[in-house]
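Novice: got a predicted model here, sequence first, then my questions.
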Amino acid sequence: MWCLLLVFAVGAAEEETISDPFAWKIRKSWKASNGSNHLGSVLGGIAKRSFPGPPPSEGPPLRVLPVGGLGEIGMNCMLVGVKDRYILIDAGLMFPDFQDLGMQKILPDVSFLAQWKDKIEAVVITHGHEDHIGALPWVIPALDPTTPVYAGSFVMQLVARRLQEFNLYTPERFKVIDMLQEYQMGPFQVTPIRVTHSIPDCCGLILRSEHGSIVHTGDWKIDENPVDGEHFDRSTFDLLSKEPISLMMSDSTNVLSPGRTPGEAVVRDSLCQKVLDHAGKGRVVVTQFASNLHRLASVKAAADAAGRRICFIGTSLGTYLEAAYRDGRAPINPAELIKPNQLRDHDPNKVLIVTTGSQAEPRAQLSLASRSASENLRIGPQDLVLYSAKVIPGNETQVSQMLNSLALQGARVVASRSDNLHVSGHAYQGELEEVLRFVKPQHFLPVHGEYSFLVEHARLARQRAGVLFTEVIKNGQMLGIHERRNRNTLSTGSMAAAAAGKEQASGEQQQSGISVIGEVDLFRLFNDGSRGTGTAAEMGIPEREAMAFEGIIVAAVDVIRPKLAAGKGGMGCKARVTTRGMWTESGKLLDVLHQVRWTVVFYLGQFDFAAATARTAVGDTKSSCGCHV
């Protein structure tokens, strides 16, 4: 079996008519902001904090301050600098879990970035996943308007579209980078280096300065046979061993997985076989991450092999495909897609549907279809549903419920790991060790992962790759790094050199050139999917949790003052008590609450202030509920 991959590019004639290749036509209904009304209080509503670490003239010259992405999956955002000059690597968001009620996005502490924007001289983006670009609509307004933003051409398409939705795009500020070219970004001479991942146009970064060099891998794996032909740049990583690399930072997402990450070709072959096996039996429905254009190439290969046409159901699929088409990377020609409203006119045996909703997001199409709530996708007994994604930790229950609902509607659901319908975009232990041995860094800092992942990655670097000095830090901790003359000796002239010399002379253990030199308290910020953005307290998350777990009582009390002498009491009231999310014991709780209201009001003084009346009423209501329930 073989499958042919075609890549469609924008024609030269069309390019000539576009003055800005990154300008998108954004519908009015897609506009998310006027440029500022989505920011809430995040740029000025949080108390100012000192910048961590010693003064620029003291301490290690190379400095790293993670704002997000360490000790968690997502929200990758990091300041890397020399003394008092920094660049920002990535500006990602994190998706909330069930306890962040009503929230759609979790953002890094952009208020801290806004406070110290004079120190940030450039932004560089390693790739186009939401956990690396999703916070840009909040980060860009926090920075100086002249701060440049660098990214690869495909990534820039995604960035430009997102910022145009928020009315934040100015073409002169955004600069496209090419692999292995050198760019001056703040205090660093930056060289992007090609890595493979689950989205096109991913890069690692080599940051060189007079005080030492840093390598940041971004998100990566080594795919030996990438579907887009862009290979992991082993040769450049290998050449890095010829120069002193003061610090290497590497993706820790799959550090607990032994061996090596399978390539996308495994999924392509499995999809082809399963789609061919369903010939003449009905429709095929594939769900995947919308950003995984490599997976779309595999789906296209399977559709072609089986003589089926593809239909997208889910807006985000079209967004990523259009970005790829504009950049000449599209695995599918958008003009060849069946429109959702045309599905009924096509033979089900000649159709392959690609849909969103792999994580059972309530408003995504496959999730809606599982509840018979989608206008475009109705699941039937002849459908084969191929789950070509990974269940993100925390989504297991809702994904399982969705797949069960699809099966109850008669579809055959294929979602087993043994079916080879998904491979990870992150390196396993074998690749992590290989690249560490290529680079031979003087110091190592694991990034991108839960805290236990970071600890394990540091252990792997020491025990299997021979890295002598490693450190594990959390968001908000500043790491200082001294370059070493060789693998064992700190550079001449550094503040730690004298101390290291004394240790070696006395036979003590060699001193590390890497250490935590400061710390700042950072806040998580939340967005409700619209214009509401703020801290957990500002977004009312504690109150939302209390209402969700305890229920709510609303008491409307009209106090009636009698025509009696002051202080005699005897006031009356009309009260309406409403409960939500509470057990009322067939209305008995409401009877008790009404009696409490009447008693409280009766014994109040006639001239008590309204605030005092309210406090008394609230206190007695809580007491009554506590005794009754």
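Specialist: Nice, thanks for sending it over.
Novice: alpha carbons only for contacts and neighbour counts from here, please
Specialist: Will do.
Novice: where's Ala303 relative to Pro334, distance?
Specialist: When CA to CA, to the nearest Å is the yardstick, Ala303 and Pro334 sit 15 Å from each other.
Novice: show me where the stretch 501-629 of the chain has its strands.
Specialist: 514-519, 525-527, 533-534, 552-560, 572-580 (DSSP state E, counting those that start in this stretch).
Novice: what's the closest of these to His132?
Specialist: Comparison of these against His132 by CA to CA identifies strand 525-527 as nearest, at 15.8 Å.
Novice: give the other helices and strands that that closest one contacts.
Specialist: Strand 525-527 sits against strand 105-107, strand 533-534, with contacts defined as 3 or more CA pairs under 8 Å, 6 or more residues apart in numbering; DSSP states H and E.
Novice: now what about the last one, what contacts it?
Specialist: Counting contacts by CA atoms under 8 Å, 6 or more residues apart in numbering, the residues outside strand 533-534 that touch it are His38, Leu39, Gly40, Ser41, Val42, Leu525, Phe526, Asn527, Met539.
Novice: which one of those residues has the most neighbours?
Specialist: Across these, neighbour numbers were computed from other CA atoms under 10 Å; Phe526 holds the maximum, 29 neighbours.
Novice: isn't it up against Gly102?
Specialist: No. Checked against CA atoms under 8 Å, the pair Phe526 and Gly102 is beyond contact range at 9.8 Å.
Novice: okay, Ala303 and Pro334: which has more neighbours?
Specialist: Here Ala303 and Pro334 are set side by side on neighbour count (other CA under 10 Å), and the busier one is Ala303, at 23 against 16.
Novice: let me see the ranges of the strands in the stretch 251-400 of the chain.
Specialist: Along the stretch 251-400 of the chain, the stretches classed as strands by DSSP E, counting those that start in this stretch are 284-287, 309-313, 351-355, 384-387.
Novice: can you give me the pLDDT of the closest residue to Ala290 other than its chain neighbours?
Specialist: Excluding the flanking residues, the one nearest Ala290 by CA to CA, 6 or more residues apart in numbering is Leu317, at 4.8 Å. The model reports Leu317 with a pLDDT of 96.
Novice: how far away is Leu317 from Ala324?
Specialist: From Leu317 to Ala324 the distance is 11 Å (CA to CA).
Novice: give me the more crowded residue out of those two.
Specialist: Taking Leu317 and Ala324 together and counting by other CA under 10 Å, Ala324 has the greater number of neighbours (26 against 20).
Novice: what pLDDT does the model give the more buried one?
Specialist: Ala324 is given a pLDDT of 97.
Novice: which residues pair with the residue lying closest to it once chain neighbours are set aside across the strands?
Specialist: Counting by CA to CA, 6+ apart, Ala324 lies nearest to Ala330, which is 4.6 Å off, once chain neighbours are set aside. Per DSSP bridges, the residues bridged to Ala330 are Phe8.
Novice: count of neighbours near Ala330?
Specialist: 25.
Novice: per-residue pLDDT of it, please?
Specialist: At Ala330, the predicted lDDT confidence score is 96.
Novice: nearest residue to Val414 in space, please, no chain neighbours.
Specialist: Setting aside the residues directly before and after it, Val414 is nearest to Leu386 in space (CA to CA, 6+ apart), at 5.1 Å.
Novice: Gly410 now?
Specialist: Once flanking residues are discounted, Gly410 sits nearest to Pro381: 4.0 Å by CA to CA, 6+ apart.
Novice: from Arg412, how far out is the one you found?
Specialist: The spacing between Pro381 and Arg412, counted by CA to CA, is 8 Å.
Novice: looking only at neighbour counts, state which of these two leads.
Specialist: Counted by other CA under 10 Å, Pro381 and Arg412 do not tie: Arg412 has more neighbours, with 18 against 15.
Novice: quickly list what that one is bridged to.
Specialist: With beta bridges defined as DSSP bridges, Arg412 has these partners: Leu384.
Novice: please list all residues in contact with it.
Specialist: The neighbourhood of Arg412, defined by CA under 8 Å, 6+ apart, consists of Pro381, Gln382, Asp383, Leu384, Val385.
Novice: report how many residues lie close to the residue nearest to the second one when sequence neighbours are not counted.
Specialist: The shortest distance from Gln382 to any non-neighbouring residue, by CA to CA, 6+ apart, is to Gly282 (4.9 Å). Other residues near Gly282 come to 18 when the count uses other CA under 10 Å.
Novice: the residue nearest to Gly410 against Ala411, yeah?
Specialist: Yes. Using CA under 8 Å, Pro381 is in contact with Ala411, at 4.8 Å.
Novice: pLDDT wise, what is Lys25 at?
Specialist: Taken from the predicted model, the pLDDT recorded for Lys25 is 88.
Novice: to what extent is it buried, counted in neighbours?
Specialist: 9.
Novice: quick check on Ile87: phi, psi?
Specialist: When quoted as degrees, to the nearest 10, the phi and psi of Ile87 stand at phi -120, psi 160.
Novice: show me the beta-bridge partners of it.
Specialist: As for beta bridges, Ile87 partners with Val80 under DSSP bridges.
Novice: can you check Val123 too?
Specialist: Following DSSP bridges, Val123 is listed with bridge partners Leu88, Val149.
Novice: for it, give its distance to Gln189.
Specialist: 13 Å.
Novice: check Ser41 too.
Specialist: 35 Å.
Novice: and the strands of the stretch 501-629 of the chain as CSV, adding distance to Leu368 and mean pLDDT?
Specialist: Written out in CSV, the entries for those read as follows (distance: least, CA to CA, whole Å; pLDDT from 0 to 100):
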stretch, distance to Leu368, mean pLDDT
strand 514-519, 45, 96
strand 525-527, 23, 92
strand 533-534, 27, 88
strand 552-560, 30, 75
strand 572-580, 27, 75
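Novice: which one of those strands lies nearest to Asp178?
Specialist: strand 514-519 (31.2 Å).
Novice: give me the contacts around the closest one.
Specialist: Everything outside strand 514-519 that qualifies as a contact, by CA under 8 Å, 6+ apart, is 52-54, 59, 443, 469-471, 473, 476-482.
Novice: direction included, what does that strand pair against?
Specialist: Assessed with DSSP bridges, strand 514-519 is paired to strand 477-481 (antiparallel).
Novice: neighbours around the residue nearest to Asn527 when sequence neighbours are not counted, how many?
Specialist: The shortest distance from Asn527 to any non-neighbouring residue, by CA to CA, 6+ apart, is to Thr533 (4.4 Å). Residues lying near Thr533 (other CA under 10 Å) number 24.
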